[in-house]
Every structure is written in C-alpha cells, then in structure tokens.
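> for reference, the sequence and a predicted model appear below.
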Amino acid sequence: MIRKLQTAGRRLCALLTAAAVLAMTPGVSAQAVTANGAIARGIDVSKHNGAVNWGQVAGTGINFTFIKVGSTKSGVDPQFAANITGAQAAGLRTGVYLYSYAVTPEQAAEEARLVLQWIEPYTVNYPIVFDIEDKCHKNLSSQELIDIINAFCTAIDAAGYYPMVYSYKNMFTGKLSNVGWDKWVAQYDDACDYNNNVCFWQYSSHGSVNGVGGRVDVNYQYKDYSQLIIPEGFIGHNGSVRFYRNWKMQKGWVDYNNTRYYLDGAGNLVSGWLTDADGRIYYLSPQDGSIARGQCAVDGANYYFTAEGVKTAGWVVLEDKKYFYDPAGNGAMKTDWYSDESGNFYFFDRAQGFMLTGAQVIDGANYMFSPEGIRMSGMIAAADGSYYYDPASGQMVRGWFETAGKTCFADAAGHVVTGLYEIEKQLYFFDETGALIRNQTLELNGKTYTSSPEGILTEVIPAEVIPAEGAPEQSAAQTAPAA
C-alpha cells in the first residue's frame with residue numbers, strides 16, 4: 001500500500017458473501033485483538049517494495065498477500081504483474097487493493113471498473129480491497145463515504161469477487177463505523193482495540209520478511225475464507241447460488257459433475273424453464289439447477305430432454321417403446337388417443353405413455369394397431385381367421401355388418417365366419433371371403449339348399465317316386481341280383 005509516514009494507516013477486511021448495501025450484516029464476525037487469535041499471517045506490497053522473491057516469502061510461513069493493483073492517478077502499479085504472478089506461483093493466496101481517490105459513488109464505480117479490467121488476465125483468490133484513507137476523503141460525511149464504499153464494493157461483488165474495505169482504526173471508529181463489508185484495519189500496536197468485524201489486522205509497517213528488501217507491511221488474518229472464495233464449485237450468495245471455476249465466477253452454461261447448469265448474466269444459478277437465444281428450451285432442477293435429461297415429469301406433465309438438456313417434440317424411441325411428445329401441447333408426452341395431421345389414430349398407454357401396437361382392448365372395445373401404431377380398420381386377416389374393424393370407430397365388429405357391397409357376420413369372438421353357419425336357429429352360408437350367399441341353390445355336404453333373398457338356407461327335400469297307373473309292380477325276385 002501507499003506509505004503514509006505521518007499516519008498509522010493501512011488496509012483490508014473481506015466481504016461476506018451476502019451483501020451489497022450499507023446495512024449488510026456480516027456472515028462471520030471475526031474479532032481481532034492480538035496475534036493469538038490469528039489464523040494466518042501475510043504481507044501487502046506495492047512498487048515501493050521493489051522486486052519481491054516470492055519463493056523466499058512463501059518459505060517464511062507467509063500464507064497470503066495483498067498486492068496493489070494501482071490507482072486512478074498513477075494507473076497500474078509497475079510491480080503488479082510481477083507480484084501477482086510470482087505470488088500465485090509460490091502458492092500464496094492473493095488479493096489485490098486499489099488506493100482510492102474517489103469522492104463520489106460514480107468515481108468509485110469507475111475505480112471498480114478499472115480494477116476489474118486490470119485483474120482480468122490474472123487469478124485473484126482473496127478479497128479485492130478498497131483502500132479509503134486519502135486526504136481527499138477527510139472532509140466527506142459518513143454517509144458520503146459509505147455511499148462511495150458501497151458503489152465500489154457492490155461492483156466488485158457483482159463481478160463475482162469478494163470485496164473488502166481497508167482504512168486505519170480511527171477512520172473505522174469514526175466516519176466508517178457503519179461499514180457493513182469485511183474490514184481490514186490498520187493499527188500499529190501490540191493489539192487492535194477495534195473489534196467490529198475485523199477480518200485482517202495490519203499490525204506493523206516495519207515488518208521484516210525474507211524475500212522482501214527493506215521493511216514491509218505485515219498482517220494477521222482472523223476470518224476463514226476457505227468456504228467463501230473457492231477455486232471451483234457452487235457457493236451461496238444473497239439467496240442465490242454462484243458457480244466458480246479457476247477462482248472466477250461463471251456465466252452461461254457450465255459442465256460440472258457429469259451434468260450441466262446455467263448461470264444468468266449476474267452469475268446466479270437458474271432453475272425452472274429456460275429458453276436460450278436460439279429458442280431451445282431447457283428445464284433446470286429447482287433442487288440443484290441441473291438440467292433435465294431423458295423423460296422427466298414437470299408440473300404434472302411428462303417431457304423428453306436430450307443429453308444436452310434440450311426439450312424435444314415428436315416421436316422418441318426408448319427401450320423399444322415409442323412415445324410421442326406433442327408439439328401442439330408444448331412438448332408434453334401424449335397419452336390416450338391422438339390423431340395426426342394425416343388423420344391416423346394412435347393410442348398411448350394412459351399410465352406410462354408408450355404407443356400401443358397389435359390387438360388391444362381399450363375401454364371395453366377391441367382395436368387393432370399396426371406395428372407403426374396406426375389404428376387399423378376394415379377386414380384384417382390374422383392367423384386364426386379374419387376380423388372386421390369399423391372404419392368410423394376402429395372398434396372390432398361382432399354380428400352382422402356390411403363391407404364392400406357384401407353382407408358378413410362376425411361371431412362373439414369377432415371372427416368373420418365362412419361356410420355353413422347357424423345364426424338364431426337359421427342356417428346361412430358365407431363364401432371364403434365371408435360374403436353371405438343369397439338367391440342361389442347350393443350343394444353342401446351332400447344336401448341341396450336354396451338361399452333366400454335374406455340368405456336363409458332351406459334344404460331341398462327330393463319328392464317321393466310314385467309308380468305310373470297300370471304299371472306292374474316289380475317283385476323282389478325281379479330286383480334281386482342274379483345268382
């Protein structure tokens with residue numbers, strides 16, 4: 001940080017994941033009193049420290065560092081790139097700070113924009129700090145300072161980083177007493193007697209650390225950020241959920257743990273229905289935001305989603321069964337009867353939605369469906385005979401019916417009868433096609449029949465032969481065969 005020999009000032013406290021406004025309540029209140037309560041020790045550096053040997057720094061037990069990124073007056077700190085890459089390579093947790101000259105919220109927001117621009121190529125895995133201690137801030141009111149801080153910190157938070165505020169103790173006990181963000185407090189003494197959400201304590205500007213030439217600012221850490229700033233995975237934020245990869249908040253589609261998730265423009269995990277810019281529709285689990293795949297029940301209807309999570313419509317084959325997801329029904333799985341644009345009728349199981357084929361009984365009526373699932377009608381030949389299905393309803397016919405100019409009859413099982421057949425104690429004859437024979441004389445089984453216009457058969461009985469008058473009667477002897 002910039003050195004101020006006339007003041008005991010220095011920096012940093014790390015934001016809670018939850019807030020972006022003045023009255024934010026910290027998620028963890030770490031009370032810094034002495035070195036005894038610290039969980040880690042670190043340094044902060046700028047161009048004033050010259051070139052730093054970060055490997056040597058790490059070897060001294062230093063765990064973290066805050067590196068000056070720059071300011072609006074001097075631009076990017078000349079040592080920033082070397083410091084952040086060197087510290088990262090040495091395995092230190094690395095935050096950055098900006099020395100602020102903002103006197104309005106608009107200027108603070110611009111400072112945040114610059115910080116985000118400057119750090120974009122690098123990994124920042126500790127808080128981004130707003131260093132507010134310049135003389136330009138001395139005459140501003142408490143509310144003006146809070147508004148400036150909030151403008152910077154909310155912009156940093158919105159970008160997915162963890163903001164924090166740095167200043168000296170008297171500033172925090174005075175005008176900054178209502179700051180709700182994590183705090184990095186400078187007080188050069190044996191103890192920090194300010195204990196309101198102190199997350200880091202800069203306890204000296206005269207530290208000596210191997211790898212840094214001359215004196216260096218040294219700090220104790222009191223708040224654990226291991227679950228708040230993460231390299232990869234999900235983290236709760238302001239009632240929503242964010243996803244991080246390589247320490248950076250992600251937006252758009254993310255592949256993770258063998259599934260996919262979608263983060264909106266603010267980095268918040270999306271759940272429920274989602275339509276992308278190309279019109280593709282997805283459903284994201286309300287429980288964890290993962291995409292729906294395969295057949296899924298949503299709001300009482302079944303839908304089918306591809307491996308990429310895209311809702312599909314039309315025909316789908318699953319484990320040798322066919323299903324239809326109706327485009328006219330928002331892609332919902334069809335059950336019951338369905339008629340397509342060509343007038344074909346199908347039936348889908350009411351419980352599971354698969355298409356029926358072959359002979360089926362539906363609501364007490366018999367139907368026949370082709371291998372393609374189309375309801376069949378008319379005369380249909382089967383291994384055990386022929387059946388007739390009404391062209392209007394598709395139902396199997398029993399009893400008398402007319403088809404193609406023929407009169408036919410189907411028995412109680414639906415078989416279309418052929419040959420001699422008795423109906424209500426009347427004999428009829430039906431040819432090999434099942435057509436009733438009318439107005440004909442028929443020789444059947446050694447007997448002669450005539451068929452009426454109604455097709456009823458009447459057996460023809462031959463008349464008894466009576467000898468002509470005067471003719472002699474033949475004796476038995478006369479008719480017997482010769483011996």
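Perfect, thanks for sending it.
> quick check: beta-bridge partners of the most centrally placed residue in the chain?
Nearest to the mean C-alpha position of the chain, by Cα atoms, centre = their mean, lies residue 291 at 1.9 Å. With DSSP bridges as the criterion, residue 291 is bridged to residue 284.
> pretty sure it contacts residue 282?
Yes: using Cβ atoms under 8 Å, residue 291 makes contact with residue 282 at a distance of 5.8 Å. C-beta here means a position set from N, CA and C on the backbone, and glycine is covered the same way.
> what sits in contact with each of the two?
Residues touching both residue 291 and residue 282 (Cβ atoms under 8 Å, 6 or more residues apart in numbering): 262, 305, 309.
> and which of these is nearest residue 153?
Looking at the shared contacts of residue 291 and residue 282 and their distance to residue 153, the nearest is residue 262, at 26.7 Å (Cβ to Cβ).
> what's the helix or strand for that closest one?
strand 259-263 (DSSP states H and E).
> check what contacts that strand and list those residues.
Strand 259-263 has contacts (Cβ under 8 Å, 6+ apart) with 242-243, 249-254, 269-270, 274, 282, 284, 289-291, 293, 308-309.
> restricted to strands, list these.
242-243, 249, 252-254, 274, 282, 284 (DSSP state E).
> can you pick the most crowded of those residues?
Using other Cβ atoms under 10 Å as the neighbour test, these are led by residue 243, with 23 neighbours.
> contacting residues for that residue?
Contacts here follow Cβ under 8 Å, 6+ apart; on that basis residue 243 touches 233-235, 249-250, 254, 256, 261, 263, 267, 269.
> try it again with 10 Å
By Cβ atoms under 10 Å, 6 or more residues apart in numbering, residue 243 lies in contact with 160, 230, 232-235, 249-251, 254, 256, 261-263, 267-269, 289.
> give me the pLDDT for it.
Per-residue pLDDT puts residue 243 at 98.
> tell me what it is bridged to.
Beta-bridge partners, per DSSP bridges, of residue 243: residue 234.
> check the gap between it and residue 274 for me.
Counting by Cβ to Cβ, to the nearest Å, the gap between residue 243 and residue 274 amounts to 15 Å.
> counting contacts, what elements does the longest helix anywhere in the chain pack onto?
As assigned by DSSP state H, the longest helix anywhere in the chain is helix 142-158. Applying 3 or more Cβ pairs under 10 Å, 6 or more residues apart in numbering; DSSP states H and E, one finds that helix 142-158 contacts helix 105-119, strand 128-131, strand 163-168.
> only alpha carbons, please: show it as CSV.
Below are the C-alpha coordinates for helix 142-158, written out as CSV (Å, rounded to 0.1, in the frame of the first residue of the first chain):
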residue,chain,number,x,y,z
SER,A,142,-20.0,9.5,6.9
GLN,A,143,-22.9,8.9,4.5
GLU,A,144,-20.9,10.2,1.6
LEU,A,145,-18.1,7.8,2.4
ILE,A,146,-20.4,4.9,2.9
ASP,A,147,-22.0,5.6,-0.5
ILE,A,148,-18.6,5.6,-2.1
ILE,A,149,-17.6,2.4,-0.5
ASN,A,150,-20.9,0.7,-1.4
ALA,A,151,-20.5,1.8,-5.1
PHE,A,152,-17.1,0.1,-5.3
CYS,A,153,-17.9,-3.0,-3.3
THR,A,154,-21.2,-3.8,-5.0
ALA,A,155,-19.5,-3.5,-8.4
ILE,A,156,-16.7,-5.9,-7.3
ASP,A,157,-19.3,-8.2,-5.7
ALA,A,158,-21.4,-8.2,-8.9
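> who's in contact with residue 341?
Neighbour list for residue 341: residue 328 [criterion: Cβ under 10 Å, 6+ apart].
> quick check: it is in a helix.
No: counting by DSSP: H, G, I helix; E, B strand; the rest coil, residue 341 is not part of a helix but coil.
> roughly how far apart are it and residue 328?
10 Å.
> same check on residue 249?
Distance from residue 249 to residue 328, counting by Cβ to Cβ: 40 Å.
> then residue 161?
47 Å.
> and those two? Which one has more around it.
residue 161 (26 against 10).
> and the pLDDT for the nearest residue in space to that one that is not next to it in sequence?
Leaving out its chain neighbours, the residue that sits closest to residue 161 by Cβ to Cβ, 6 or more residues apart in numbering is residue 128, at 4.8 Å. pLDDT recorded at residue 128 is 98.
> partners of residue 128 in the sheet?
On the basis of DSSP bridges, residue 128 is bridged to residue 96, residue 163.
> got a list of what it touches?
12, 14-15, 66, 69, 95-98, 112, 115-116, 119, 152-153, 155-157, 159, 161-164.
> now do residue 278
Contacts of residue 278 by Cβ under 10 Å, 6+ apart are residue 310.
> what are the phi and psi angles of it?
phi -90, psi 10 (degrees, to the nearest 10).
> how close does it get to residue 306?
Distance of residue 278 to residue 306, computed by Cβ to Cβ: 14 Å.
> ok, residue 228 next?
In terms of Cβ to Cβ, residue 228 sits 36 Å off from residue 306.
> higher neighbour count, the two?
For residue 228 versus residue 306, neighbours defined as other Cβ under 10 Å are more numerous around residue 228 (19 against 15).
> so how many other residues sit close to residue 246?
Residues lying near residue 246 (other Cβ under 10 Å) number 9.
> in stretch 72-83, which residues are buried?
76-77, 79-80, 83 (16 or more other Cβ atoms under 10 Å).
> remind me which residues of the stretch 251-400 of the chain are low pLDDT?
For the stretch 251-400 of the chain, no stretch is flagged by pLDDT under 70.
> now for residue 278 and residue 306: what residues contact both?
By Cβ under 10 Å, 6+ apart, no residue touches both residue 278 and residue 306.
> on that earlier part again, let's have the shared contacts of residue 291 and residue 282 in JSON lines, adding distance to residue 396 and neighbour count.
As requested, the shared contacts of residue 291 and residue 282 are exported to JSON lines (distance: Cβ to Cβ, whole Å; neighbours: other Cβ atoms under 10 Å):
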{"residue": "262", "distance to residue 396": "51", "neighbour count": "22"}
{"residue": "305", "distance to residue 396": "38", "neighbour count": "21"}
{"residue": "309", "distance to residue 396": "44", "neighbour count": "21"}
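> which one of the residues you listed sits closest to residue 345?
residue 305 (27.5 Å).
> who touches that closest one in this structure?
Here residue 305 is in contact with 281-283, 291-296, 298, 311-312, 325, 331 (Cβ under 10 Å, 6+ apart).
> cool, and residue 338?
324, 326, 328-329, 344-348, 355, 373.
> ditto for residue 268
So residue 268 contacts 237-243, 249, 251, 262, 289 (Cβ under 10 Å, 6+ apart).
> distance check, it against residue 289.
Distance from residue 268 to residue 289, by Cβ to Cβ: 10 Å.
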